[in-house]
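Colleague: predicted structure and sequence below. I'll ask about it afterward.
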Amino acid sequence: MNAFPKPVTDAMADRAVRLHHMLWHSARDSWAVLTPGERGVFRDHGWEPPRQSLSAPDPVTGRRSVEFDNGSGEDFLFMHREMIGTVDEMLADLGDPRHPRVEGWPTVPSPQDTEHPVPPPFDIPGDTATTNAIGNAKTQAAFDRIRDWEALFMNPAELRQMTLRRLGARIEFGIHNQLHLRWAAEMPSYRQGGADFSVDPRWDDSAYDWLADTYSAHVNPIFWKLHGWVDARIDDWMAANELTGPVPWSFAPPWSGPTGEHHHHPVMRLALRAQPGNAEGEALRSRLDRMETTVEDLKQAGVTEPVRFAVHEDI
Ligand SMILES: [Cu+2]
């Protein structure tokens, strides 16, 4: 239906791209709850996030709160805008008139929408929490809340009162996470959640495109529909604040992963251009090797993956 041309899907499903997306989300979501030793593992591999996305748990309620004001909301918007930009480049190169660029949802599809129906709820064996969260995301009540959020984040008067970082953080842990869960569909099997980075190569098959897992969500065409919607909110925010030109990010640039001499190019672009023996293929191989080592060391240190797409209803 909305599937991208095969070279793009194959690049998304590349193991290096999967690891990169998973590590990026994991590092910033987990940071506040890691021990100094565990942080050291991320740091040693270049994955120390400059800003955490969630606080440490409240000592009384045990709840983690969203970091609205440290700028991690800008990282979220920037990193996914960069992903969209890379896919747009790929699509432009391929020149398929049916797929000129990433086209997000103008508005979130209603429960009656036939082009993007909400997949029915399903049971994930051994994972009641995710089963319940996904079941919840598919209800009418969840949709009503999504519409409220949507109206809020598309309202110029509201956007004038909000910093870009706050906008990003509110979108990420509210409507964005809920959309990932709402459009998640039943799969033959699921990569285990909350586990120790179980990244067996069996999950690298392009058929594993589950929206409720950062290792696979970006392989799913719906990811680009919902992230296109998210991305357009940056433009709305600019327009509401009468800004033109480049986005006034607070960081130069915000965080989208390890930087430095070995990390010039988005791993997605390398994945598209890689051929056996060419420079991109070499670069991709070296990036992959580094991330394999990172994951191995995280496992050794006993680091577990954060809860995926936890929805904060009250933001
Ligand atoms: Cu993401």
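Modeller: Structure's in. What do you need? Numbers count the residues shown, from 1 in each chain.
Colleague: contact partners of the lowest-mean-pLDDT helix or strand in the chain?
Modeller: Of all helical and strand segments in the chain, the minimum by mean pLDDT, DSSP states H and E falls on helix 267-273, at a mean of 91. For helix 267-273, the external contacting residues (CB atoms under 8 Å, 6 or more residues apart in numbering) are 7-8, 10-12, 14, 16-17, 20, 83, 86-87, 89-90, 257, 280, 283-284, 287. In this view, the C-beta of every residue, glycine as well, is placed from N, C-alpha and C.
Colleague: again with stretch 183-192
Modeller: Under CB under 8 Å, 6+ apart, the answer for stretch 183-192 is 116, 118-120, 122, 124, 127, 134, 137, 198-199, 203, 208, 210-213, 215-216, 220, 222, 226.
Colleague: give the contact list for the residue lying closest to residue 191 once chain neighbours are set aside.
Modeller: Leaving out its chain neighbours, the residue that sits closest to residue 191 by CB to CB, 6 or more residues apart in numbering is residue 203, at 5.0 Å. Contacts for residue 203 (CB under 8 Å, 6+ apart) come out as 18, 191, 215, 216.
Colleague: just the buried ones among these, please.
Modeller: Neighbour counting by 16 or more other CB atoms under 10 Å classes 18, 191, 215, 216 among the contacts of residue 203 as buried.
Colleague: which phi and psi does the second one have?
Modeller: This means residue 191. Main-chain dihedrals, residue 191, degrees, to the nearest 10: phi -60, psi 130.
Colleague: can you check the pLDDT for it?
Modeller: If you check residue 191, the pLDDT there is 95.
Colleague: state the distance from it to residue 22.
Modeller: Taking CB to CB, to the nearest Å as the measure, residue 191 falls 9 Å from residue 22.
Colleague: cool, the third one as well?
Modeller: Here the distance between residue 215 and residue 22 works out to 5 Å (CB to CB).
Colleague: now for the two: what residues contact both?
Modeller: In contact with both residue 215 and residue 22: residue 199, using CB under 8 Å, 6+ apart.
Colleague: report the buried members of the contacts of stretch 183-192.
Modeller: Neighbour-count burial within these applies to 116, 118, 124, 134, 137, 199, 203, 208, 210-213, 215-216, 220, 222, 226; the criterion is 16+ other CB under 10 Å.
Colleague: which of the residues you listed fall within helices?
Modeller: The helices, defined by DSSP state H, take in 134, 137, 222, 226 from the buried ones among the contacts of stretch 183-192.
Colleague: contacts only, for the second one.
Modeller: So that's residue 137. 178, 181, 182, 184, 311.
Colleague: lowest-confidence one in those?
Modeller: Out of those, that is residue 311, at 95.
Colleague: quick one on the thing from earlier: farthest-separated two in the buried ones among the contacts of residue 203?
Modeller: The largest separation in these, counting by CB to CB, is between 18 and 191 at 9.9 Å.
Colleague: find residues that contact each of these two.
Modeller: Going by CB under 8 Å, 6+ apart, residues that sit against residue 18 and also against residue 191 are 199, 203, 215, 216.
Colleague: how many neighbours does residue 136 have?
Modeller: Neighbourhood size, residue 136 [other CB atoms under 10 Å]: 16.
Colleague: wait, I meant residue 252
Modeller: 5.
Colleague: state the distance from it to residue 246.
Modeller: Relative to residue 246, and taking CB to CB, residue 252 is found at 11 Å.
Colleague: equivalent analysis for residue 21, please.
Modeller: With distances taken as CB to CB, residue 21 is found 25 Å from residue 246.
Colleague: residue 126 too?
Modeller: Distance from residue 126 to residue 246, by CB to CB: 47 Å.
Colleague: the two: who's more crowded?
Modeller: residue 126 (10 against 7).
Colleague: poorly predicted segments of this protein, please.
Modeller: Residues of the chain meeting the criterion pLDDT under 70: 1-2, 261-264.
Colleague: can you pull out the helices in the stretch 1-150 of the chain?
Modeller: 6-13, 15-30, 36-44, 72-94, 128-137, 140-153 (DSSP state H, counting those that start in this stretch).
Colleague: quick check: which of those helices has the most neighbours on average?
Modeller: A comparison of the helices of the stretch 1-150 of the chain by mean neighbour count, using mean count of other CB atoms under 10 Å, puts helix 15-30 on top with a mean of 24.
Colleague: now do the contacts for residue 88.
Modeller: The contact partners of residue 88, taken as CB under 8 Å, 6+ apart, are 101, 102.
Colleague: returning to what we had before: out of the contacts of residue 203, which comes closest to residue 98?
Modeller: residue 216 (24.0 Å).
Colleague: measure the closest one to residue 19 for me?
Modeller: Taken as CB to CB, the span from residue 216 to residue 19 is 11 Å.
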